[in-house]
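Peer 1: Need the 3D shape of this:
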Amino acid sequence: MSREGFYSVVFPGRFGRGASMVVLDAGLVVGADPDGGRYDGTYVHNAAANTIECDITIRLAPGSWAVPRAMAGTTWAPFKLKIVIPRGPFTDYAHAASTPAGKINLLLSKIRDFPA
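Peer 2: Next up, the predicted model:
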């Protein structure tokens, strides 16, 4: 299984913006954000397309804000997100996603590999 590295995720919205860090290692996706959100899932490398296909479950902290619309104090149910990203270095790769709070644009950047 591949060791892909560390990624930043920025999600700008109508009512501010959020950010998180996600690590892809040995087929697992693990991440978190400063507001207590957790991101867990799996990924596979699609060699033919040279992409990484991720299946992620997102758990937002109770009471956290949703950047697509102002919704503080909500208790969020976990939700799934499927995303395909290019393999290798990139910055500000845009991906549109649907969430329970509405549509959101994700800006992903690979920030580093694992040490050799």
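Peer 1: Adjacent strands (with direction) for the helix or strand of the chain with the lowest mean pLDDT?
Peer 2: Among the helices and strands of the chain, strand 93-99 carries the lowest confidence by mean pLDDT, DSSP states H and E, at a mean of 87. For strand 93-99, the pairing partners within the sheet under DSSP bridges are strand 102-112 (antiparallel).
Peer 1: Tell me which residues of the strand it pairs with come out buried.
Peer 2: Ile104, Leu106, Leu107, Leu108, Lys110 (16 or more other Cβ atoms under 10 Å). For glycine as for every other residue, the C-beta is placed from the backbone atoms N, C-alpha and C.
Peer 1: which residues are contacting it?
Peer 2: For strand 102-112, the surrounding residues in contact (Cβ atoms under 8 Å, 6 or more residues apart in numbering) are 4-13, 21, 66-69, 83, 85, 88-98.
Peer 1: mind checking how far stretch 21-31 is from the chain centre?
Peer 2: Taking Cα atoms, centre = their mean, to the nearest Å, one finds stretch 21-31 lying 10 Å from the centre of the chain it belongs to.
Peer 1: contacts for that stretch?
Peer 2: Counting by Cβ under 8 Å, 6+ apart, stretch 21-31 makes contact with 1-9, 20, 32-33, 38-44, 52, 54-56, 111, 114, all of which sit outside it.
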